[in-house]
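A.B. asks: Below are the sequence and a predicted model; questions follow.
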Amino acid sequence: MNQLIRPAALLLDFGGVVVATTNRPSWPEELAAELHHDLAAAGCHELTHDDIVSDLKAAAAADSHWKNAMSRPAAPAEMTAHRYWTEFVAADWPPAARAFVTAHALVLCHRQGELRQDRETRAGMGELLDTADRYGLPVAIVSNALSGSVHRDYLRNTGLDKRLALQVYSDEAGVRKPNPEMIHLAARALDVPAAHTWYVGDNFDRDVLCGRRAGVGASVLMEARGTYERPYVVRVKPDAVVADPAGLRDLLIAAFTQPQPGPGADDAA
């Protein structure tokens, strides 16, 4: 592996990098129970609890396929909360029920995000952030999310938000990785050229590819659940692979303590 450039900013994915996630199989039943109650209170009685569970599961499956497909275009836009609930969940619902979820789409996306996964900060993240602080390195989140507010809540509740210079989420930006604009937004906000950043993500088709398209100084793959479950052949390769935040910390220390290669070093070798 070639020595990585010394970064001027560190950009991290959220799920798989900052936190480890565990899916909660009961989420459709839980969300359906809440939504069935709210629909009934609003006078919408046509849908049963089981109807809602079925459509929530169908929407999640369709959304997963859509996300894989959106790794192919050069500059994909993000799914909006309104489109998700109006078209993916409630396309065939009675008009009043469909109008209800459309009107409450942002709140419903947030609640779905809360229920779908349990999250735990990955071991070694605090030490990684300590090392970034030691070198005066700003750290930002750059992450796809149907509801970035769920991630913001987690970071605020754990106090990690105070360690971050910036958070960029695809639902708020309107574009999603591997659209390079996600990284460019963060780089502009930090006033750092993308070529002077490291981008760290946990998959090939969204994260490594996004880093390549954005022209980052180093695209680093951090292994997590699902990292090697690529939806199709992805030819791009990361500049480095690490197992966890401790491995990323080691890379940072090496970049800041070892001499940097000078111009033409590769040619001279």
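C.D. replies: That came through fine.

A.B. asks: what ranges do the strands span in the stretch 51-200 of the chain?
C.D. replies: Along the stretch 51-200 of the chain, counting by DSSP state E, counting those that start in this stretch, strands occupy 117-121, 139-143, 166-169, 197-201.

A.B. asks: Quick check: buried residues in the first one?
C.D. replies: By neighbour count, with 16 or more other C-beta atoms under 10 Å as the criterion, the buried positions of strand 117-121 are 119, 121. (Each C-beta comes from the backbone N, C-alpha and C, glycine too.)

A.B. asks: Let me see the ranges of the helices in this protein.
C.D. replies: Using DSSP state H, the helices of the chain run over 27-41, 49-69, 81-83, 95-103, 105-116, 125-134, 148-158, 170-173, 181-190, 209-214, 245-257, 265-268.

A.B. asks: For L164, list the residues it contacts.
C.D. replies: Counting by C-beta atoms under 8 Å, 6 or more residues apart in numbering, L164 touches 139-141, 155.

A.B. asks: if you set the cut-off to 10 Å instead, what comes out?
C.D. replies: 12, 18, 129, 132, 138-141, 155 (C-beta atoms under 10 Å, 6 or more residues apart in numbering).

A.B. asks: Relative to L4, how far out is the residue lying closest to R116 once chain neighbours are set aside?
C.D. replies: Of all residues not flanking R116 in the chain, W27 sits nearest, at 4.7 Å (C-beta to C-beta, 6 or more residues apart in numbering). Distance of W27 to L4, computed by C-beta to C-beta, to the nearest Å: 39 Å.

A.B. asks: Kindly indicate which of the contacts of L164 lies nearest A33.
C.D. replies: L155 (28.1 Å; C-beta to C-beta).

A.B. asks: count of residues packed around the closest one?
C.D. replies: As a burial measure, L155 scores 21 neighbours (other C-beta atoms under 10 Å).

A.B. asks: surely it meets L129?
C.D. replies: No - in this structure, L155 is not within contact of L129 by C-beta atoms under 10 Å, at 11.5 Å.

A.B. asks: Mind listing the shared neighbours of the two?
C.D. replies: Residues within reach of L155 and of L129 at once, by C-beta under 10 Å, 6+ apart, are 18, 162-164.

A.B. asks: From these, list the buried ones, please.
C.D. replies: So, of these, 18, 163-164 end up buried under the neighbour-count rule (16+ other C-beta under 10 Å).

A.B. asks: so who does the closest residue to A62 other than its chain neighbours touch?
C.D. replies: Closest residue to A62 apart from its sequence neighbours, by C-beta to C-beta, 6+ apart: F88 at 5.4 Å. F88 makes contacts with 55-56, 58-63, 66, 79, as judged by C-beta under 10 Å, 6+ apart.
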